[in-house]
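>>> the following comprises the amino acid sequence and a computationally predicted model.
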Amino acid sequence: MPQLAQRVGRAKPSAIMVIAEKAKQLKAAGRDIISFSIGVPNFLPGEHVYAAAREALQHDSGQYGSNRGADALLDAFLVHIEKLGFKGYGRANLSIGIGAKQLLYNLGEALLNEGEEICFAAPFWTTYRDIADILGAKANILHCGPEQNYKLTPAQLEAALARKPKVFLFNNPSNPTGMVYTRDEIAALAAVLMKYPDTWIITDDIYNSMVFDGIGYHNFVHAQPELKERLIFVDSVSKTYGMPGWRVGLIAAPENVAKAITTLNSNHITSLPEVITAAAVAAFSGPQAIPEAKCKEFAEKRDVVVNALRAIPGVVCPYPQGAFYAFPDISVAFGKSHQGVKINDDVELCAVLLEAAGVACVPGSAFGEPRAMRISYTCPTAQLQPGLERIQAFFAELT
Ligand code: PLP
């Protein structure tokens with residue numbers, strides 16, 4: 001019997017999908033389930049996006065397109081990132097992927113040799129560790145617990161960079177914590193990054209349109225423009241425009257990195273479809289009313305979520321200021337029982353919470369923080385309060 005390649009064995013099934021699947025099964029069996037599990041936006045792109053896709057379909061050439069991305073898409077993205085404060089970039093700095101996820105994987109391939117080190121903070125988006133594992137890279141995970149608001153400190157970064165990792169991967173706003181770094185925090189980390197010129201920097205900032213409380217989106221290149229020479233900014237239409245299934249991601253990067261991704265594309269995906277490209281162009285260049293309204297809605301929902309969680313004795317919920325996640329420390333429940341069922345850890349807690357209370361949350365250990373669980377609050381507003389009340393009742397019933 002032939003064997004699969006070893007790298008496949010290193011990939012783990014997603015803990016998020018495990019909970020989401022279980023929730024789906026219970027729903028199908030007639031249970032009333034409220035899902036706080038999957039991090040998908042709860043809105044559709046504007047009509048102008050569909051109109052652009054329909055129009056493109058009328059003229060679709062049906063041919064392969066550019067490995068780097070169509071000029072219209074690159075130009076629309078250049079205007080988009082200029083508004084985010086990225087100045088002096090041209091088409092040669094850009095490339096595309098089938099969403100940010102595939103781009104991150106390709107960046108791993110482009111930047112990391114087997115055995116080389118990549119460092120990133122925990123809590124982290126689950127895929128980071130999986131990409132490192134599949135590629136055979138060494139992941140140095142920097143633990144940032146609730147006591148430091150899940151944020152990386154300059155001292156932690158300094159210690160990690162002193163090991164001369166090949167890549168530092170950073171995510172702001174954060175999935176799973178919803179934390180957003182302030183201008184000063186970004187500047188302090190950027191000052192450390194300046195001292196270590198041999199490390200590539202990837203900033204996965206696909207939630208950049210969802211920042212609350214007026215703190216704004218900040219990137220290391222805003223604080224230290226010279227970092228542009230080794231920093232890769234990753235963006236996507238998924239979360240900003242409610243288009244996760246359209247699968248469009250882009251990077252703004254040094255020319256040699258953009259070229260490397262384009263070369264990989266020529267061997268992997270070839271190009272994006274014309275219809276999808278037209279939709280993405282419309283999303284970037286069209287009216288921004290939907291992302292703006294959604295940002296406001298998520299900020300309001302965040303308040304409801306945080307207030308409900310903080311009302312539970314012993315639960316600690318650092319204050320999220322972006323994306324659509326809260327990441328409470330629920331370790332107060334460990335060692336207790338719910339209706340006779342013992343809860344030892346986050347995985348058991350999420351399983352019992354789903355089974356007994358019909359609320360699906362994701363165990364924090366999936367993100368490298370076993371004291372917490374992730375609540376994604378993109379569900380319909382009408383489900384939010386009832387779901388939170390169920391969580392409160394569940395904790396009140398612990399003995
Ligand atoms: N990066 C982060 C932090 C995410 O949360 C996600 C999706 O959940 C992605 C990247 C992947 O985005 P895309 O849909 O563009 O592949």
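Thanks, I have it.
>>> rest of the way, CA atoms for contacts and neighbours
Fine.
>>> the longest helix seen in the chain: which residues count as buried?
Looking across the chain with DSSP state H, the single longest helix is helix 289-310. Within helix 289-310, the residues that count as buried by 16 or more other CA atoms under 10 Å are 290-291, 294-296, 298-299, 301-302, 305-306, 308-310.
>>> same question for stretch 179-192.
Met179, Val180, Tyr181, Thr182, Arg183, Glu185, Ile186, Ala187, Ala188, Leu189, Ala190, Ala191.
>>> how about the residues of this structure by the ligand?
Gly39, Gly99, Ala100, Lys101, Trp125, Asn175, Asp204, Ser236, Ser238, Pro244, Gly249 (CA under 6 Å from any ligand atom).
>>> and the third one, which helix or strand is it part of?
Ala100 belongs to helix 99-111 when assigned by DSSP states H and E.
>>> give me the pLDDT for Asp71.
You'll see Asp71 listed with a pLDDT of 98.
>>> oh sorry, the question was meant for Ala188
98.
>>> show me what the longest helix of the chain is packed up against.
strand 325-326, helix 381-396 (3 or more CA pairs under 8 Å, 6 or more residues apart in numbering; DSSP states H and E).
>>> my guess is Gly65 meets Asn265, correct?
No: using CA atoms under 8 Å, Gly65 is not in contact with Asn265, being 11.1 Å away.
>>> shared neighbours of these two, anything?
Counting by CA atoms under 8 Å, 6 or more residues apart in numbering, the contacts common to Gly65 and Asn265 are Ser271.
>>> report all helices and strands that the host helix or strand of Asn256 contacts.
Asn256 belongs to helix 255-267 when elements are defined using DSSP H and E. Judged by 3+ CA pairs under 8 Å, 6+ apart, helix 255-267 is in contact with strand 94-97, helix 99-111.
>>> got JSON lines for these, with mean neighbour count and distance to Glu21 too?
Below are the helices and strands packed on helix 255-267 laid out as JSON lines (neighbours: other CA atoms under 10 Å; distance: least, CA to CA, whole Å):
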{"stretch": "strand 94-97", "mean neighbour count": "29", "distance to Glu21": "27"}
{"stretch": "helix 99-111", "mean neighbour count": "20", "distance to Glu21": "21"}
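>>> count of neighbours near His338?
By other CA atoms under 10 Å, the residues close to His338 number 18.
>>> tell me the contacts of it?
Applying CA under 8 Å, 6+ apart to His338 gives the contacts Val352, Phe394, Glu397, Leu398, Thr399.
>>> let's go with 10 Å and repeat that
Leu349, Val352, Leu353, Ala356, Phe394, Phe395, Ala396, Glu397, Leu398, Thr399 (CA atoms under 10 Å, 6 or more residues apart in numbering).
>>> go on, Glu114?
Applying CA under 10 Å, 6+ apart, the residues near Glu114 are Ala132, Asp133, Ile134, Leu135, Gly136, Ala137, Lys138.
>>> Gln392 too?
When contacts are counted by CA under 10 Å, 6+ apart, Gln392 touches Ala308, Leu309, Arg310, Ala311, Ile312, Pro313, Pro386.
>>> closest to Leu111 out of the helices and strands packed on helix 289-310?
strand 325-326 (29.7 Å; CA to CA).
>>> and that closest one, what does it pack against?
helix 289-310, strand 373-376 (3 or more CA pairs under 10 Å, 6 or more residues apart in numbering; DSSP states H and E).
>>> tabulate these (CSV), appending distance to Glu158.
Converted to CSV, the helices and strands packed on strand 325-326 look like this (distance: least, CA to CA, whole Å):
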stretch, distance to Glu158
helix 289-310, 32
strand 373-376, 28
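>>> picking up where we left off before, got the helices and strands packed on helix 289-310 as CSV, with mean pLDDT columns?
Output for the helices and strands packed on helix 289-310, formatted as CSV (pLDDT from 0 to 100):
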stretch, mean pLDDT
strand 325-326, 98
helix 381-396, 96
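>>> point out the most buried one among the ones you listed.
Highest mean neighbour count among the helices and strands packed on helix 289-310 (mean count of other CA atoms under 10 Å): strand 325-326, with a mean of 28.
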